[in-house]
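Chemist: model this:
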Amino acid sequence: MAERKIFAGPKVRRIRNALALTQTAMAEALEISPSYLNLIERNQRPLTVQLLLKLSAVYRIDLEELQGETAGGLGQLKEVFADPLLSGELPGDQELVEVADAAPNAASGMIKLYRAYREQAARLSDLTALMVGEGGAPVAPGRLPLDEVREVLERRSAYFEDIEAAAESFTNGLVAGASLKDWLKSERGISVRVLPVHVMPDLRRRFDRHSMRLFLSERLSATEQAQEIAIEVARLALRQQIEAELEDLPLSSDEARRIARFELTRNAALALTMPYGAFLLAAQNTRYDIDLIRARFSVSFAQAAARLVMLQRAGAGGIPFFLVEIDAAGHVIRRAGAQGFPQARFGGNCPKLNIHAAFLEPGRILAETVAMPDGSTFLTVARTLEGPVVEFGERVRRTALLLGCDAALRDSLVYGRSDASPIMIGPACRLCERRGCLSRAEPPLTRPLALDETAAGLGAFDFQ
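Modeler: Here you go, the predicted structure:
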């Protein structure tokens, strides 16, 4: 195999300048000609193994400094230029390689500026949440299409009248005993086949128009496979209603509409597998016991919980739930609410919420009442969710889902039996002024820090 050539001229030049050496003096110490060193510094000649060893021996240089510096800086620069403000500015990565290699200090300064920008954007987001909570107008910085779709869907009810009506009409029209898989075959001539991982390693589902077959990954559980079949049926049978609901969403780009179409199709699939009337009756009869409900409809915990949020038909509504799903790093994957996600009242970013504790007890349902600083209380139910089946050596994708509602409705739920005192939480550390919180990760924006060398509070950040 060919040896990888190392072009590190700018790094050699920085080392020489740091030592206040001329090219002639360094070339003499390295036993090469000044003209050859000049070619090396201009990246017109690579560093040989012998020269690398010589540099290390003469100037006590760590070889990693010459070989591994660019990669880290390049990755961070890629993150900078992946931002929506800069995306499309560069045709490829070559310029980034040149910047990271030839001007690492300038690249480092650019990365620091970008991090400061992201920090200010995060603070703006927090201040916006604070303003909205106090009746002010939100500030809307530039957003990715996915962020725009999430924001639009989080602010409105998860119930879509046209989709629900069409889904009920469709399920009522199915032949007795027929499944959605049977409908695909009889009405559209589409057969379903489960493929092994090595044949379809990166996809959950793929529809082949030429062979009229819907391929599903064997990584998916039975309930996930049924959900993918329902998505395909919704895409074909409820397209008109999905498009009608899509037109009512205030989205600014075709890409945002494409993403929203997929989200609405997922909602339509839930409506097909869990018909509104039957599901609402089952939820009320079981006092919203998600495990009993999912067993009755042969769905997953996540699917049943998401469906509960959608039960808001006028005159036939369920409890107004909201939900949030996160990964182990705390990234929000989705948020939804029967009346819109209650960001101003609930927040959902407090580290004391049971959605974070759920990762310590996978598969167990955790229920507790929480209280916000303004006195509002919520009943929260959290549980981990397992992703697709993995091969040996792969890491399981595990997320956690929190289903919540106003604590005043707790007597209607099987999860509201506990008499334990509410857990004191906040909307987010930057917006929370609770003192002595052992879980605090950041100081509040609304209070100055209390810097006292003679006393320290229980929390990591004391404030006045």
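
Chemist: what about the stretch 101-250 of the chain, any weak spots by pLDDT?
Modeler: Within the stretch 101-250 of the chain, the ranges that satisfy pLDDT under 70 run 101-104, 123-143.

Chemist: helices of the stretch 351-464 of the chain, start to end?
Modeler: 354-357 (DSSP state H, counting those that start in this stretch).

Chemist: which stretches of it form strands?
Modeler: Shown for the stretch 351-464 of the chain, the strands assigned by DSSP state E, counting those that start in this stretch span residues 366-371, 377-386, 398-406, 423-424.

Chemist: indicate which one of those is closest to Pro320.
Modeler: The minimum distance between Pro320 and these falls on strand 398-406, with 6.2 Å, by Cβ to Cβ. Yep, even glycine has a C-beta here, placed from its N, CA and C like the rest.

Chemist: and the closest one, which strands flank it?
Modeler: strand 322-327 (antiparallel), strand 377-386 (antiparallel) (DSSP bridges).

Chemist: tell me the buried residues in that strand?
Modeler: Taking 16 or more other Cβ atoms under 10 Å as the neighbour-count basis, strand 398-406 is seen to contain the buried residues 399-406.

Chemist: what of stretch 176-186?
Modeler: 180-181, 183-184.

Chemist: need the residues that contact it.
Modeler: The set of residues external to stretch 176-186 that reach it, using Cβ atoms under 8 Å, 6 or more residues apart in numbering, is 174-175, 190-192, 214, 226, 229-230, 232-233, 236-237, 272-273.

Chemist: from these, list just the buried residues.
Modeler: Among the contacts of stretch 176-186, those classed as buried by neighbour count (16+ other Cβ under 10 Å) are 190, 192, 214, 226, 229-230, 232-233, 237, 272-273.

Chemist: in helices, which of the residues you listed fall?
Modeler: 226, 229-230, 232-233, 237, 272-273 (DSSP state H).

Chemist: any idea which element the most centrally placed residue in the chain lies in?
Modeler: When the chain is reduced to its mean C-alpha position, the nearest residue by Cα atoms, centre = their mean turns out to be Ile333, at 3.9 Å. Ile333 belongs to strand 332-337 when elements are defined using DSSP states H and E.

Chemist: mean confidence for that strand?
Modeler: Looking at strand 332-337 alone, the average pLDDT works out to 93.

Chemist: tell me which strands it pairs with, and in which orientation.
Modeler: strand 322-327 (antiparallel).

Chemist: in the stretch 201-350 of the chain, which spans are helices?
Modeler: For the stretch 201-350 of the chain, helices defined by DSSP H, counting those that start in this stretch occupy the ranges 222-237, 239-247, 254-273, 276-285, 290-297, 301-309.

Chemist: what is the fifth one packed up against?
Modeler: Read that as helix 290-297. Packing partners of helix 290-297 (3 or more Cβ pairs under 8 Å, 6 or more residues apart in numbering; DSSP states H and E): helix 276-285, helix 301-309.

Chemist: between which two of the ones in helices among the buried ones among the contacts of stretch 176-186 is the distance greatest?
Modeler: Of all pairs drawn from those, the widest gap by Cβ to Cβ lies between Ala226 and Ala237 and measures 15.7 Å.

Chemist: ok so, going back, including distance to Gly347, could the helices of the stretch 201-350 of the chain go into CSV?
Modeler: Putting the helices of the stretch 201-350 of the chain into CSV (distance: least, Cβ to Cβ, whole Å) gives the following:
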stretch, distance to Gly347
helix 222-237, 30
helix 239-247, 28
helix 254-273, 23
helix 276-285, 26
helix 290-297, 23
helix 301-309, 18
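
Chemist: for those helices, which one ends up most surrounded?
Modeler: helix 301-309 (a mean of 24; mean count of other Cβ atoms under 10 Å).

Chemist: report the angle between the axes of it and strand 322-327?
Modeler: Calculated by axes from the mean of the first three to the mean of the last three Cα atoms, to 10 degrees, helix 301-309 forms an angle of 150 degrees with strand 322-327.

Chemist: picking up where we left off before, make CSV out of the strands of the stretch 351-464 of the chain and add distance to Ser157.
Modeler: Conversion of the strands of the stretch 351-464 of the chain to CSV gives the following (distance: least, Cβ to Cβ, whole Å):
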stretch, distance to Ser157
strand 366-371, 23
strand 377-386, 18
strand 398-406, 14
strand 423-424, 27
